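Trainee: fold the following and give me the result.
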Amino acid sequence: MSLARIGKGTFMIELRQLGDYNVYLVEDKDGDFILIDSGNGSAINYIINSIMTLLGDKKRLKYFILLSNDEREAGGANVIYNVFTPIIISHSLIAKMVRSGKGMNGEIPPAPVNMEIRDKSYELENELTLKLAYHLASPHIIAATKDIVFSGTITDVSPLPRKTLCTIETCIKG
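Mentor: Down below sits the predicted model:
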């Protein structure tokens, strides 16, 4: 378990040793941060402490992107929202399930989604490109910076040339 820089302004909170799944923070041009996923919730206190160590101020967590409603990615979403009150972003196909507490394989604590993406592709303040993808017939978002692709639970992706691929389990340089 650690907080590690994986690229310029991009950090991984590594949680596999705690029985949870990795989450990521991306710094925007204003010095605020975007959180990608929330893990399954079992290491939520470690996630909160790591975010506070890096940010110093709760208000610097501006956005929180849920790549899917999979329990491994969205299980801690309601706690993150209650502590930091970021704008939660997800695709409209995912948002309704997160709001009602429906995970992919069971229940998750319901969380508000403040911003729904309805297009197949969306640019978030020139920091991240969000693209709708389907994996095992379920909707997911793949997020990408210039150098890093975040695929969440979609772990069967080949590394891309000159890009780092980050899943809920690890990061691989292509």
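
Trainee: every contact and neighbour count from this point should use C-alpha atoms.
Mentor: Will do.

Trainee: ok, residues contacting stretch 139-155?
Mentor: 7, 37, 66-68, 70, 72-73, 90-91, 93-94, 127-135, 162-169 (CA atoms under 8 Å, 6 or more residues apart in numbering).

Trainee: mind checking which of those residues are in helices?
Mentor: Mapping these onto helices (DSSP state H) picks out Arg72, Glu73, Leu93, Ile94.

Trainee: burial of the third one, as a residue count?
Mentor: Using other CA atoms under 10 Å as the criterion, Leu93 is surrounded by 17 other residues.

Trainee: who's in contact with it?
Mentor: Pro139.

Trainee: tell me how far it lies from Lys102.
Mentor: As judged by CA to CA, to the nearest Å, Leu93 and Lys102 stand 12 Å apart.

Trainee: same deal with the last one?
Mentor: Relative to Lys102, Ile94 is positioned 9 Å away (criterion: CA to CA).

Trainee: okay, those two: which has more neighbours?
Mentor: Set Ile94 next to Lys102 and count neighbours by other CA under 10 Å: Ile94 wins out with 25 against 19.

Trainee: got a pLDDT number for that one?
Mentor: What the model reports as pLDDT for Ile94 is 93.

Trainee: next, name the residue at the spatial heart of the protein.
Mentor: In the chain, the C-alpha closest to the average C-alpha coordinate belongs to Ile36, at a distance of 1.9 Å (CA atoms, centre = their mean).

Trainee: now the buried members of the contacts of stretch 139-155.
Mentor: By neighbour count, with 16 or more other CA atoms under 10 Å, the contacts of stretch 139-155 hold 37, 66-68, 70, 72-73, 90-91, 93-94, 127-133, 163-168 as buried.

Trainee: which residues in this structure form strands?
Mentor: For the chain, the strands defined by DSSP state E occupy 2-7, 10-14, 23-27, 33-36, 61-65, 87-91, 115-117, 121-124, 128-135, 138-144, 148-152, 164-167, 171-173.

Trainee: that older thread, need the ones in helices among the contacts of stretch 139-155 in JSON lines with distance to Ile13, can you?
Mentor: As requested, the ones in helices among the contacts of stretch 139-155 are exported to JSON lines (distance: CA to CA, whole Å):
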{"residue": "Arg72", "distance to Ile13": "14"}
{"residue": "Glu73", "distance to Ile13": "13"}
{"residue": "Leu93", "distance to Ile13": "27"}
{"residue": "Ile94", "distance to Ile13": "23"}
